[in-house]
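**Student:** how would this look folded up:
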Amino acid sequence: MKILSGFFDYFQISILILFLIVLVGRAIYLRLTQNINPIAIGRGKRGFRLVFEIYAFAGLTIWLIEVFLSSLHSGFRIFPESVSTPLFDSTLLKLIGVALLLFGFVIFVLAFVSFGNSWRVGVDVKTPGELVTSGIFAVSRNPIYVFLNFWFIGVFLINGTLIFMIFALLAAAHLHYQILQEEKFLVQFYGPAYDDYRARTGRYFTL
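**Tutor:** Below is the predicted model of the structure:
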């Protein structure tokens, strides 16, 4: 059981590191080769939308740190012990969490391949890039958000703590709201092309 527990810890850290490598690597590539800054958080925003994007980025950062600390069984934790105590300890649920993370990460990589130079973090109102409808985007209009939902749920199942359950619920609500905001922008910017794409492709999955 100790060996299996170690596997879950190393697995979480590995996914986290791979995510950061892909994210940062792609951002640097676009900046150096295309002169595109894909990090659009807060750019061109005001009021509630600005606060919302900054809050979301800060929340994701805190969650990533908590995942890292939890995997290392660190004595230092951001949140109190009362919300960091496991609610359950089920090997089956942990394995389901691993499966969700693996499946989600495959979706994440496929989304990056399909995105090409159009990938952005946040809504880029100035240089949004071309509308991507092929590859994994022919199955889901928001594959990266699907991946993030799988990741949050998977981490909760692996760790089983209240704080990760709270994060998963808040993330699902936030991501859905973010999708709705992006859809408003996409309709305005791409017009009939996006309307046609939206009619044939599901928001999360095409059934």
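
**Student:** Show me how far stretch 189-201 is from its chain's centre.
**Tutor:** Mean-position distance between stretch 189-201 and its chain equals 23 Å (C-alpha atoms, centre = their mean, to the nearest Å).

**Student:** Please name the residues that touch the residue nearest the centre of the chain.
**Tutor:** Central residue of the chain (C-alpha atoms, centre = their mean): L148, 3.1 Å from the mean position. Residues near L148 by C-beta atoms under 8 Å, 6 or more residues apart in numbering: G104, A171, L175. Using the backbone N, CA and C atoms, a C-beta is placed for each residue, glycine as well.

**Student:** can you pull the pLDDT of it?
**Tutor:** We have a pLDDT of 95 for L148.

**Student:** swap in I3?
**Tutor:** 60.

**Student:** who does the one helix or strand E66 maps to touch, helix- and strand-wise?
**Tutor:** Per DSSP states H and E: E66 is located in helix 47-71. For helix 47-71, the elements it packs on are helix 2-34, helix 143-159, helix 162-190, judged by 3 or more C-beta pairs under 8 Å, 6 or more residues apart in numbering; DSSP states H and E.

**Student:** need the next SSE after that helix, C-terminal direction.
**Tutor:** According to DSSP H and E, the helix or strand after helix 47-71 is helix 91-115.

**Student:** Report all helices and strands that that following helix contacts.
**Tutor:** helix 2-34, helix 143-159.

**Student:** Can you report how many residues neighbour L20?
**Tutor:** Residue neighbour count, defined by other C-beta atoms under 10 Å, stands at 11 for L20.
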